[in-house]
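A.B. asks: Attaching a predicted model along with its sequence, questions to come.
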Amino acid sequence: MLRASATIALASVRKALRRAGLVVGVVVLACGCGGKPAPGPVSAQEPAEVGIQVDNRFAASLTIYLHSGGTSLRLGQVNIQEVQSFVVPWRRLRADGVFFLRAEVIGSSERTVTDDLRVQPGQVVRWTLAPNLGMSSVTVF
C-alpha cells in the first residue's frame, strides 16, 4: 500500500510539473510575441506624395503638424520612443514644395519647429526629435 501511495504521489508531482512547464511556455511565448515590430522604411506611395517619418526620442508624446501656404495640417501623434510615418498628398503643399513641421508636446506649451523645407514629389523627410528638442534634426532624401 505504501508503494501505491508513492506511485500516486509521484504521478501527481509529474502532472503538476507538466502544468507548470506549460504555463512557463505560454508566458515565454507571450513575452516573445508582445514586442513592437521595427518600423518599416517610409516612402511616398505615389510620385505625387511626400513621406514624413518622425522619430520621437523626447520624453513625452508629441502632436505633429505640417504648415504650408498659410494652412496647417495635423499629421498625428507620435508617442514616447516611437517612430511614426505619415504620407502627405502633394496637393496639400505649396506649388514650390516649401513647408515646415511643428511638434507640440502633449500636456505642455513646449513646441519646436523645423526650418522651411523644400521637397519634390516622391521625396521623404525624416525628423528626429531629440531628448532636448532644440537639438532635433531633419533630413530630406
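C.D. replies: Looks like it came in fine.
A.B. asks: Which residues does residue 50 form beta bridges with?
C.D. replies: residue 88 (DSSP bridges).
A.B. asks: Surely it is in contact with residue 126?
C.D. replies: No. With contact defined as CB atoms under 8 Å, residue 50 and residue 126 do not form a contacting pair (11.8 Å). Backbone N, C-alpha and C define where each C-beta goes, glycine included.
A.B. asks: So the two - more neighbours on which side?
C.D. replies: residue 50 (24 against 18; other CB atoms under 10 Å).
A.B. asks: Against residue 58, how distant is residue 111?
C.D. replies: 11 Å (CB to CB, to the nearest Å).
A.B. asks: Now do the shared contacts for these two.
C.D. replies: 105, 133 (CB atoms under 8 Å, 6 or more residues apart in numbering).
A.B. asks: Comparing the two, which residue is more hemmed in?
C.D. replies: When neighbours are counted by other CB under 10 Å, residue 58 comes out ahead of the other of residue 111 and residue 58, with 21 against 13.
A.B. asks: what are the phi and psi angles of the more buried one?
C.D. replies: Per-residue torsions, residue 58: phi -80, psi 160 (degrees, to the nearest 10).
A.B. asks: ok, what's across the strand from the closest residue to it other than its chain neighbours?
C.D. replies: Among residues not flanking residue 58 along the chain, residue 129 sits closest, at 4.9 Å (CB to CB, 6 or more residues apart in numbering). Beta-bridge pairing of residue 129 under DSSP bridges involves residue 56.
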